[in-house]
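In: Got a predicted structure here, sequence first:
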Number of protein chains: 2
Amino acid sequence: MNFCNQCGNPVIHRIPEGDNRPRYICSHCSTIHYENPKVIVGCVPIYQDQILLCKRAIEPRYGLWTLPAGFMENGESLAEGAARETLEEANATVTLGELYTIFSLPHISQVYVFFLSELDNLDFYPGEESLETRLFSEDQVPWAELAFPVISETLRNYFSDRSENSLKIHYTDHLFDRR
Amino acid sequence: MNFCNQCGNPVIHRIPEGDNRPRYICSHCSTIHYENPKVIVGCVPIYQDQILLCKRAIEPRYGLWTLPAGFMENGESLAEGAARETLEEANATVTLGELYTIFSLPHISQVYVFFLSELDNLDFYPGEESLETRLFSEDQVPWAELAFPVISETLRNYFSDRSENSLKIHYTDHLFDRR
């Protein structure tokens, strides 16, 4: 950040009065420009014993498989965002189920949230950000070609919980890992 | 937003190619300035049968009672943010427990996340954003003087779950309310 988005003058990087960390502050109008973590929302779209995955048509991880997910937008809820991303990436409509996995990724200032969901029908097809959309049963999942660790972990949790007939929320935070 | 924070030239508000909603785009360097929901993290600090609340020394809701909570910062996890806010607002150190309540508030583009936690000791006192910090048992909670609905709902959930000996995650999303 170099300039104030309110008045267009240069910003400086310093700790505001009463604060405890540096922020970008306008040298002219004194607006403080806070930067905060972003939320990524997505679905585990389920059809019988299979899961819908999307092959990424965009970087990063072009050509690898992912659950439909993307940046939460202003004005929507977590669940609405998850359904919207599933529609955008796979043209798939789902009935949303429970909040399922939550990941804190402080090294990239992101929070991931996945919902369980049931595919309403099989009329899905790749959206602009997908090369391919396909159902996979557990033994078909391309584990070595999944796009992100949060995808592998969500799928592992799901198949494990399903085998125990006990679906439960999973929260992953390195603060707890260190204990 | 009026100016590009990268190059200082005016932004325009239109739908970028391949997108489906208007964004602020720089007229000069074409940077797209996305705006996304913010996450507020906080704690339910528990000591025996009591909860620690903070009387707000800032607007909005100056003088009303709240659980310690605030905007999640870049570079921290949800749990780290919750502990940091508890330290900042009440100078209280806690041992974090489970993720407890999650609220989607799309009308203000916020996501609230509260963790259960145990107060490590009674050496708490008001931080700069609090007028007073105090422990309340269930029958002492100032229900009519709580700062936000997410605070009342988190406390109601906690006392209700505790009476049933069954603490469980609560997710509140208007998408599900409408069903």
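Out: Received the coordinates, thanks. Residues are numbered from 1 along each chain as shown, chains lettered A, B, ... in the order given.

In: Helices of chain A, residue ranges please.
Out: Assigned by DSSP state H, chain A shows helices spanning A:78-90, A:149-163, A:174-177.

In: so A:Asn157 makes contact with A:Thr101?
Out: Yes. Using CB atoms under 8 Å, A:Asn157 is in contact with A:Thr101, at 6.0 Å. To be clear about C-beta, it is placed using only N, CA and C from the backbone, and glycine gets the same treatment.

In: deepest of the helices of chain A, which one?
Out: Using mean count of other CB atoms under 10 Å in any protein chain shown, the stretch among these with the largest mean neighbour count is helix A:78-90, at a mean of 24.

In: That one near chain B at all?
Out: Yes. Shown here: helix A:78-90 in contact with chain B (CB under 8 Å from any CB of the partner chain) through A:Leu78, A:Ala79, A:Glu80, A:Ala83, A:Glu88.

In: Output those as a markdown table; include the columns pLDDT.
Out: Output for these, formatted as a markdown table (pLDDT from 0 to 100):
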| residue | pLDDT |
| --- | --- |
| A:Leu78 | 98 |
| A:Ala79 | 97 |
| A:Glu80 | 97 |
| A:Ala83 | 98 |
| A:Glu88 | 97 |
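
In: Could you single out the nearest of the residues you listed to A:Leu146?
Out: Closest approach between the residues of helix A:78-90 next to chain B and A:Leu146, by CB to CB: A:Glu88, at 19.7 Å.

In: What is the neighbour count of the closest residue to the closest one other than its chain neighbours?
Out: Of all residues not flanking A:Glu88 in the chain, A:Gly127 sits nearest, at 5.0 Å (CB to CB, 6 or more residues apart in numbering or on different chains). A total of 18 residues lie near A:Gly127 under the criterion other CB atoms under 10 Å in any protein chain shown.

In: Check A:Gly127 and give its pLDDT.
Out: The model reports A:Gly127 with a pLDDT of 97.

In: Same check on A:Leu96?
Out: If you check A:Leu96, the pLDDT there is 96.

In: all strands for chain A, in order.
Out: Along chain A, counting by DSSP state E, strands occupy A:11-14, A:23-26, A:32-33, A:38-47, A:50-56, A:65-66, A:69-71, A:94-105, A:110-119, A:130-137, A:170-172.

In: Okay then, goodbye and thanks.
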